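Next come a sequence and a model predicted from it.
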Amino acid sequence: MLIMKSVIRFATGFCLLFTLAGCLPDRVFWSPDGSVAAIITGDQNDGHLIFCDADGVTLDSGLDGIAHLEWLPEGRGILVGINRTWDQWSQIDAELLDFERARVAELIERISAGTGSEHGVVDWINAQRESKALGPNQLLIVSHYLADHPDITLPAQVAAALPPKEPVEGVQLVEFEVNGMQLGERSELGFVTEPVWAIRPSPHGDLALLVYGQAFNQSSMPLKLALLSLGRDGAPVQGRILSPNSAFYPDWARDGNSIVFAEADFITSDHQPFSLGKIREAEVFNKEGVLQWEPPMTDHAIILMSEQTCIRTLSDGQILFSGPEGQFPSGVKDGIRRLGLFSLDPERRPTVSSMLAYETSMEIGNFGWTFEVNPEERRVALVAEDGRVAIVTLADGSVDFTQPEADTDSNLLTLPKWRAQGDLCLCLPLPETTGNGAEAELVLYRDGNKQSLSANWPESWIKGFLD
């Protein structure tokens, strides 16, 4: 099953699967009532925001530099991560989120005070770089701080170990009101110094989860999971890092009182795409409804995971998650059989169960880690090994495919997303360029029928999905 005593090396073929799993960007975000989608076109890490309704009517927001976004409950607004640069310490100090500021303050204190000798400081900086505990922007912010505080003099060797003062890149978190397809009032919450991969507001809309950092299959730097308050009723925006080694896709329990996420026990190398980890639940609100910034943690399962491990909670308390299926201990080449979709119910039966029957699993093949549960919690959409979208009925494990044939023209360009009305939204390349120059289309699938949303889009928008 999923429990193992040590992490082993895996076959080359599964490493290729891991690479495939990371190729689908998250671009389409339907409002809770399904009336409008916020869509990121262009570069997936620096995109352009447009709005589109279920009939394909669009409106350009005029907003660029989008890293990620998500809707607030009831569709009253969106949380957006916008790429920005800062070039003055006063700006950085004023806008840095408090948990990021605490990290930087600790770093400044450590470097300024020294560790006994200048050689010790340099060795410590180099060790932090080597272990990926520090990103380039943290040291760059220290350089800005020192430039603004000329009274602090560092030994030459220490100063040489720091980067020269340059603009700091980061992601500004902004809340926008949305009226129909119009952006309204803007509230800036603060910024983080590394890429943002996921924003997940709580069901109550007063808190949000933030996953940020460098993807550790690329650079061995861990992703951080932060809990962020949104400054409601005049309260300050504040937050705390809950996990230093998180996966991309955490989720809130449906009552909004706890968070479920996958946490790696340690970070693997570039050649080992999996790590031993846990499914953890953090009790953010206690029984009296008081917010706990240091929430008690409960471990539900030991798993093999990557940063792509996806978790979704259901209203009955079940936790669905993706991960490799295997038997341990085992030999190097026969430990992992395939990726699977699993469930556990902490209240009723705290054991892990497979959600895919053997025949269904063989038909789907190794899917791409992520999956989405439909609004009625009866079906799951996931990307099959051949590039098509498989829709699995949870009650009986039966599977249907949205695309009729498994060929290169079926490959997805975005993660599939459910609309509140039960439609599934996909972006697919077209077999040949259309008259208006489009090479792909955004479509809604419902009951086997396909409706194009992008038929009248400007060519530049649809080309954005091909970047």
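Received, thanks. Residues are numbered from 1 along each chain as shown.

all helices of the stretch 1-150 of the chain, in order?
Counting by DSSP state H, counting those that start in this stretch, one finds helices in the stretch 1-150 of the chain at the ranges 12-21, 89-95, 98-113, 118-130, 136-148.

Quick one: closest of those helices to Trp457.
helix 12-21 (27.4 Å; CB to CB). Where C-beta positions appear, they are placed from N, C-alpha and C, glycine not excepted.

Throw the helices of the stretch 1-150 of the chain into CSV and include mean pLDDT and mean neighbour count, thanks.
Converted to CSV, the helices of the stretch 1-150 of the chain look like this (pLDDT from 0 to 100; neighbours: other CB atoms under 10 Å):
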stretch, mean pLDDT, mean neighbour count
helix 12-21, 34, 16
helix 89-95, 91, 16
helix 98-113, 85, 16
helix 118-130, 73, 15
helix 136-148, 86, 19
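
Looking at those helices, which is nearest to Val28?
The nearest among the helices of the stretch 1-150 of the chain, by CB to CB, is helix 12-21 at 18.5 Å.

Using the three-state scheme, assign the closest residue to Glu325 other than its chain neighbours.
The shortest distance from Glu325 to any non-neighbouring residue, by CB to CB, 6 or more residues apart in numbering, is to Gly340 (3.9 Å). Following DSSP: H, G, I helix; E, B strand; the rest coil, the label given to Gly340 is strand.

confidence score at Gly340?
We have a pLDDT of 86 for Gly340.

partner residues bridging it?
Here Gly340 shows beta-bridge partners Gly323, assigned using DSSP bridges.

Gly47 now?
When bridges are called by DSSP bridges, Gly47 pairs up with Ile66.

OK, contacts around it?
Contacts of Gly47 were listed using CB atoms under 8 Å, 6 or more residues apart in numbering, and they are 27, 40-41, 64-67, 464.

if we can go back for a sec, what about the residue nearest to Glu325, neighbour count?
Using other CB atoms under 10 Å, Gly340 has 20 other residues around it.

between the helices of the stretch 1-150 of the chain, which gets nearest to Thr393?
When the helices of the stretch 1-150 of the chain are ranked by proximity to Thr393 (CB to CB), helix 12-21 comes first, at 23.2 Å.

Now for the residue nearest to Glu325: which residues touch it?
For Gly340, the contact set (CB under 8 Å, 6+ apart) comprises 322-325, 354-356, 361.

same thing but 10 Å
Applying CB atoms under 10 Å, 6 or more residues apart in numbering, we find Gly340 in contact with 2, 321-326, 352, 354-356, 361, 364, 366-367.

which one of the contacts of Gly47 is nearest Gly317?
Arg27 (30.8 Å).

Now for the chain, the helix or strand with the poorest mean pLDDT.
None of the helices or strands of the chain scores lower by mean pLDDT, DSSP states H and E than helix 12-21, at a mean of 34.

returning to that earlier point: a markdown table please, covering the helices of the stretch 1-150 of the chain and showing distance to Tyr249.
A markdown table is the format used below for the helices of the stretch 1-150 of the chain (distance: least, CB to CB, whole Å):
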| stretch | distance to Tyr249 |
| --- | --- |
| helix 12-21 | 12 |
| helix 89-95 | 27 |
| helix 98-113 | 21 |
| helix 118-130 | 28 |
| helix 136-148 | 24 |
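
Out of those, flag the one nearest Asn83.
Asn83 sits nearest to helix 136-148 of all these, at 12.5 Å, using CB to CB.

Tell me which helix or strand comes right after the closest one.
As assigned by DSSP states H and E, the chain's next helix or strand after helix 136-148 is helix 156-161.

who touches that following helix?
111-112, 114, 117-126, 129, 139, 143, 146, 153-155.

From the chain's centroid, how far away is it?
In terms of CA atoms, centre = their mean, to the nearest Å, the centre of helix 156-161 is found 36 Å from the chain centre.

Give me the buried positions along it.
158, 161 (16 or more other CB atoms under 10 Å).

Looking at the helices of the stretch 1-150 of the chain, spot the one closest to Ile302.
helix 12-21 (19.3 Å).

give me every residue that touches the nearest residue to Ser246 once chain neighbours are set aside.
What sits nearest to Ser246 in space, not counting adjacent residues and going by CB to CB, 6+ apart, is Leu225, at 3.6 Å. By CB under 10 Å, 6+ apart, the residues touching Leu225 are 198, 200, 209-213, 240-248, 250, 259, 261-263, 280, 282.

ok, now with 7 Å
Contacts for Leu225 (CB atoms under 7 Å, 6 or more residues apart in numbering) come out as 209, 211, 242-243, 246, 250, 261.

what do you get for Leu453?
In this structure, Leu453 makes contact with 52, 56, 442-444, judged by CB under 7 Å, 6+ apart.

Could you report the separation of the most far-flung residue of the chain relative to its centre from Asp98?
Largest separation from the mean C-alpha position in the chain: Asp151, at 41.2 Å (CA atoms, centre = their mean). Using CB to CB, to the nearest Å, Asp151 is found at 25 Å from Asp98.

And Arg419, by the same measure?
In terms of CB to CB, Arg419 sits 36 Å off from Asp98.

same check, this time on Arg348
39 Å.

Could you do Leu134 as well?
19 Å.

for Asn126, same thing?
Remark: distance between Asn126 and Asp98 (CB to CB) = 28 Å.

Quick one: neighbours of Asn374, just the number.
For Asn374, the count of nearby residues is 18 (other CB under 10 Å).
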